[in-house]
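**Q** After the sequence you'll find the predicted model.
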Amino acid sequence: MRKSSFERVIAEQGQLVYTHVGDSMQPLIQPGDLLVIKKVGAPLKKYDIPLYRRKSGQYVLHRIVGVRDDSYITMGDNRSAPEYGVTEKMIIGVLTDIVRDGQTLSADALSRKLRLKNALDLMYLISCALSETAPDLRRCRGMYTKSVLRLAAAQGLLSAAAFALEMITELPHGLDQVKKKAIRKIALFDIERSKILADFEKHSIRYCPLKGIVLKQCYPKLGMREMSDNDILCDPSCMTEIKAIMEAHGYTCTDFGHYYHDSYTKPPTLEFEMHRALFNEDEMPQLAEAFRNIHSRLIGEGCARQMTDGDCYLYMICHMYKHHIHNGTGLRNLADIAAFTKRHDLSPYRAYLDDALDALGLSDFERRIRELALCLFSGGEPDQPQEELLLALAEAGVYGNEDTAYDNRIARSLHGDHSRRSKLRYYGRRIIPDQDFLKKSYPFVYRHRALYPLLILYRPIRGVLTHPKGILREIRKVAGFKK
């Protein structure tokens, strides 16, 4: 079939069947597969695989990895560079089925199976790294290594995967450099942090290391647990003094006094976040309240303090949950839980943790995350709900992503209720903002209530004029939401 006939066949018959050429979608699409492309009947979503035509005239079949208001981001499963600006006008149809050896396979089902396999294979490698046990060669030969390592990179686990693989093979130069870079970065962090904390000691400023600074010590080798910055809980009465210390060390303060932590940076890669609190009261009031008196619960002598193992684990779960309900959170959390619980005995804190998690409404979340981590890192086979959780974590990435944040915001606004009445209430709140939204986003109107009717007219008109496709996308998201 000539390329020029693709659009005509789809228009006349509603579907197209052809043999795909190229390797950009391996391992999902194998040589000789027949592909069934059908006319698009609804807005496409993340992980759909559209057939589209570039401006150059080239036909491409790649997966959607991101959805924007006016376009899609696509990338081949066997490629590492995304393509931006794929619009609906460019799309001819979407892959629905793959015919292989006379058997018709659902593209969605096969994609899910491959994503699950890659996530399980990555967790297997990380388990080997944590236990310092050489991976099984037969299992490694059955991995889609390129896909697994791309997933590892997105999850902040590439260095850990390298530690596992080097036990059975010589690492490629690029992967070896990733591991060595992680080691150098953490060594640099440690040196720089020791200088800064020495000044804290001189000025009698109490401090408590957080997050990666603590968790990296639970991993068996330096550099196995990657870090992007240094988080330190500080005496909130000393933040101005801390700013002077950081600037004396050559750091630039990029945010001071506006959030629950102040941010500092120094080229090329040094980042510090100095926390006056552990959570933002406006963003996560329950979690902020649970850790309001954390300074009084710290242990240790002098300026250097630390959390109890119980509080450290509770904070890890709460921080994970914060990301989970906003941008999403990734697979590295499972490795952190496995590493932390292996290093620290939490049995003396179990009653305390159960009570605290129950009060915060996080008991079910913590149990599901912990049981999945224990299953994967003990060689178990996850059940169906655990597979879904694993896929959700794998899709979010280490710091979450815009698509997950968008979906989670709508889910929170609907309170998990997908009824027609709930969705109509959502639209009403978007058109007529409540007082809390007004106070935060339009303080001038909040102080001058006579302008409120004008604001109700202004916001929808401005939205239609400035980003109509964004509004349409939101309407479609809300309409398609299911609990």
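**A** Done, it's in.

**Q** report the longest helix in the chain, please.
**A** helix 173-202 (DSSP state H).

**Q** right, and the helix or strand after that one?
**A** Where DSSP states H and E defines the elements, the next helix or strand beyond helix 173-202 is strand 207-209.

**Q** circling back: report the distance from the longest helix of the chain to the chain centre.
**A** Put simply, helix 173-202 sits 24 Å off its chain's centre (C-alpha atoms, centre = their mean, to the nearest Å).

**Q** Same question for stretch 435-451.
**A** On C-alpha atoms, centre = their mean, the centre of stretch 435-451 falls 33 Å from the chain's centre.

**Q** and it, how far apart are its ends?
**A** End-to-end span of stretch 435-451 (C-alpha to C-alpha, to the nearest Å): 13 Å.

**Q** who's in contact with it?
**A** Where contact means C-beta atoms under 8 Å, 6 or more residues apart in numbering, the residues beyond stretch 435-451 that reach it are 282, 433, 452, 455. From N, CA and C alone the C-beta is placed, and that goes for glycine too.

**Q** next one: stretch 210-224
**A** Applying C-beta under 8 Å, 6+ apart, the contact partners of stretch 210-224 are 129-130, 132, 159-160, 163, 179-180, 182-187, 189, 193, 225-233, 275, 278, 306, 312, 315-316, 319, 336, 339-340, 342-344.

**Q** Using PDB, write down the CA coordinates of it.
**A** Extracted in PDB, the C-alpha atoms of stretch 210-224 (Å, rounded to 0.1, in the frame of the first residue of the first chain):
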ATOM      1  CA  LEU A 210      16.500  15.000  55.900                       C
ATOM      2  CA  LYS A 211      15.500  12.800  52.900                       C
ATOM      3  CA  GLY A 212      18.300  11.700  50.700                       C
ATOM      4  CA  ILE A 213      21.000  12.600  53.200                       C
ATOM      5  CA  VAL A 214      19.500  10.000  55.600                       C
ATOM      6  CA  LEU A 215      18.300   7.500  53.000                       C
ATOM      7  CA  LYS A 216      21.700   7.200  51.100                       C
ATOM      8  CA  GLN A 217      23.200   5.800  54.300                       C
ATOM      9  CA  CYS A 218      20.700   2.900  54.100                       C
ATOM     10  CA  TYR A 219      22.100   1.800  50.700                       C
ATOM     11  CA  PRO A 220      25.100  -0.500  50.700                       C
ATOM     12  CA  LYS A 221      27.300   1.600  48.500                       C
ATOM     13  CA  LEU A 222      28.100   5.300  48.000                       C
ATOM     14  CA  GLY A 223      26.300   6.600  44.900                       C
ATOM     15  CA  MET A 224      23.700   3.800  44.800                       C
END
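
**Q** buried set for that stretch?
**A** For stretch 210-224, burial by neighbour count (16 or more other C-beta atoms under 10 Å) applies to 210-216, 218-219, 223-224.

**Q** Same check on stretch 23-33?
**A** 24-26, 28-29.

**Q** now do stretch 116-129
**A** 116-129.

**Q** ditto for stretch 393-404
**A** Using 16+ other C-beta under 10 Å as the test for burial, stretch 393-404 gives 393-398, 400-401, 403-404.

**Q** Could you pull up the mean pLDDT of it?
**A** Confidence for stretch 393-404, expressed as mean pLDDT, is 80.

**Q** Narrow the buried residues of stretch 23-33 to those in strands?
**A** Under the assignment DSSP state E, these contribute nothing to strands.

**Q** nearest to S263, of these?
**A** S24 (39.2 Å; C-beta to C-beta).

**Q** show me the contacts for the closest one.
**A** Counting by C-beta under 8 Å, 6+ apart, S24 makes contact with 60-62, 76-79.

**Q** Quick check: closest non-adjacent residue to it.
**A** Nearest residue to S24, sequence neighbours excluded (C-beta to C-beta, 6 or more residues apart in numbering): G76, at 3.3 Å.

**Q** wait, that neighbour sits on M25?
**A** Yes: with contact defined as C-beta atoms under 8 Å, G76 counts as touching M25 (5.5 Å).

**Q** quick one: common contacting residues for these two?
**A** Jointly contacting G76 and M25 under the rule C-beta under 8 Å, 6+ apart are 62-63.

**Q** what about the strands in the stretch 1-150 of the chain?
**A** Assigned by DSSP state E, counting those that start in this stretch, the strands in the stretch 1-150 of the chain fall at 15-19, 34-38, 50-53, 59-61, 63-67, 72-75, 83-86, 91-100, 103-106.

**Q** Nearest to N408, out of these?
**A** strand 63-67 (14.2 Å).

**Q** re the thing from before, give me the buried subset of the contacts of stretch 435-451.
**A** Buried, going by 16+ other C-beta under 10 Å: 433, 455, out of these.

**Q** export the contacts of stretch 435-451 to TSV and tack on pLDDT and distance to C375?
**A** Below are the contacts of stretch 435-451 laid out as TSV (pLDDT from 0 to 100; distance: C-beta to C-beta, whole Å):
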residue	pLDDT	distance to C375
D282	86	36
P433	82	44
Y452	85	53
L455	87	51
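
**Q** which one of the contacts of stretch 435-451 sits closest to R421?
**A** Of all the contacts of stretch 435-451, P433 has the smallest distance to R421: 19.6 Å, by C-beta to C-beta.

**Q** List the contacts of the closest residue to C140 other than its chain neighbours.
**A** The shortest distance from C140 to any non-neighbouring residue, by C-beta to C-beta, 6+ apart, is to I168 (6.6 Å). When contacts are counted by C-beta under 8 Å, 6+ apart, I168 is found next to 134-135, 137, 140.

**Q** Report the separation between R420 and L472.
**A** Shown here: R420 relative to L472, a distance of 19 Å by C-beta to C-beta, to the nearest Å.

**Q** oh, I was asking about V94
**A** Distance check for V94 against L472: by C-beta to C-beta, it reads 19 Å.

**Q** if you count what's nearby, which of these two comes out ahead?
**A** More crowded of V94 and L472, by other C-beta atoms under 10 Å: V94, with 21 against 14.

**Q** List the contacts of the more buried one.
**A** By C-beta under 8 Å, 6+ apart, V94 lies in contact with 37-38, 40, 44, 48-51.

**Q** Are any of the residues you listed buried, and if so which?
**A** Taking 16+ other C-beta under 10 Å as the criterion, what is buried in the contacts of V94 is 37-38, 40, 44, 48-51.

**Q** JSON lines for the residues you listed, including pLDDT?
**A** JSON lines is the format used below for these (pLDDT from 0 to 100):
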{"residue": "I37", "pLDDT": "96"}
{"residue": "K38", "pLDDT": "96"}
{"residue": "V40", "pLDDT": "91"}
{"residue": "L44", "pLDDT": "90"}
{"residue": "D48", "pLDDT": "95"}
{"residue": "I49", "pLDDT": "97"}
{"residue": "P50", "pLDDT": "97"}
{"residue": "L51", "pLDDT": "96"}
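
**Q** Now tabulate those residues in JSON lines and tack on distance to E201.
**A** Formatted as JSON lines, the buried ones among the contacts of V94 follow (distance: C-beta to C-beta, whole Å):
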{"residue": "I37", "distance to E201": "66"}
{"residue": "K38", "distance to E201": "67"}
{"residue": "V40", "distance to E201": "63"}
{"residue": "L44", "distance to E201": "57"}
{"residue": "D48", "distance to E201": "56"}
{"residue": "I49", "distance to E201": "57"}
{"residue": "P50", "distance to E201": "59"}
{"residue": "L51", "distance to E201": "63"}
